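Undergrad: Quick one, what's the 3D model for this:
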Amino acid sequence: MGDEVRREAKALFVKSAAEMTQGIQGVQTALKILRNYYAGDAQHVAAAGAGSSIIGILEVVESDMSKTFAALQTDEQEAEALYVKETHENQVTRTTMEQDVKYKAKERTDQEATKVEVRRDLEDSQQQLKLHLAYLAELEERCIAKAETYASRKARRDALIQGLKDALDVLQGRAAAHA
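TA: Purely as a prediction, here's the structure:
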């Protein structure tokens, strides 16, 4: 229930309550006057039957008006209690939602900070990985034996055979010179 609606309902109750109170007081005053009128004077005793029926009707009207006024007051009290309850619930809900927004904003900020930190760590780790892979490639180049190709083995063997032939020719040339 909105504040404006509640104010309007309260103003209507105040107006109605004043009118009901004034009406009940008017009926009570009329009853008092009629009772005094028919009770005190001997001339009016003959008309007491008619007076008592009018008084009876006014008593019923007073009773109905009193019941209506009591119901009006009860309705107003219930409406006020409901308004207070809903207002309190709305304040609690609003406060809860505001706190949720604050906590979620803080959580988001924390997650953003964590995300930035994780990205930096990832970049650092990737840089270190590059360096280690480069060093590993260098070590593999130096330490792992590679199979020679056929052409390089043949060229080395041919050079070795040629060197042996040259050495044999030199040795045979010396041997012939000594003999």
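
Undergrad: so after the lengthiest helix in the chain, what's the next helix or strand?
TA: If you go by DSSP state H, the chain has its longest helix at helix 48-143. With elements assigned by DSSP states H and E, the helix or strand that comes after helix 48-143 is helix 150-178.

Undergrad: Quick check: mean pLDDT of that next one?
TA: When pLDDT is averaged over helix 150-178, the result is 88.

Undergrad: Point out where the chain drops to low pLDDT.
TA: Counting by pLDDT under 70, the ranges of the chain that qualify are 1, 40-51, 179.

Undergrad: now do 50
TA: Under the criterion of pLDDT under 50, none of the chain is flagged as low confidence.

Undergrad: related to what we said a few turns ago, please name every helix or strand in contact with the longest helix of the chain.
TA: Counting contacts by 3 or more CB pairs under 8 Å, 6 or more residues apart in numbering; DSSP states H and E, helix 48-143 packs against helix 3-40. The way it works is simple: take the backbone N, C-alpha and C, and place the C-beta from them, glycine included.

Undergrad: how big is the angle separating the longest helix of the chain from helix 3-40?
TA: 160 degrees (axes from the mean of the first three to the mean of the last three CA atoms, to 10 degrees).

Undergrad: Going forward, count from 18.
TA: Yes, from this point I'll number from 18; that puts the last item at helix 65-160.

Undergrad: How far away from the center of its chain is helix 65-160?
TA: Averaging C-alpha positions (CA atoms, centre = their mean, to the nearest Å) puts helix 65-160 7 Å from its chain's average.

Undergrad: got the buried residues for stretch 42-49?
TA: Neighbour counts over stretch 42-49 (16 or more other CB atoms under 10 Å) mark 44, 48 as buried.
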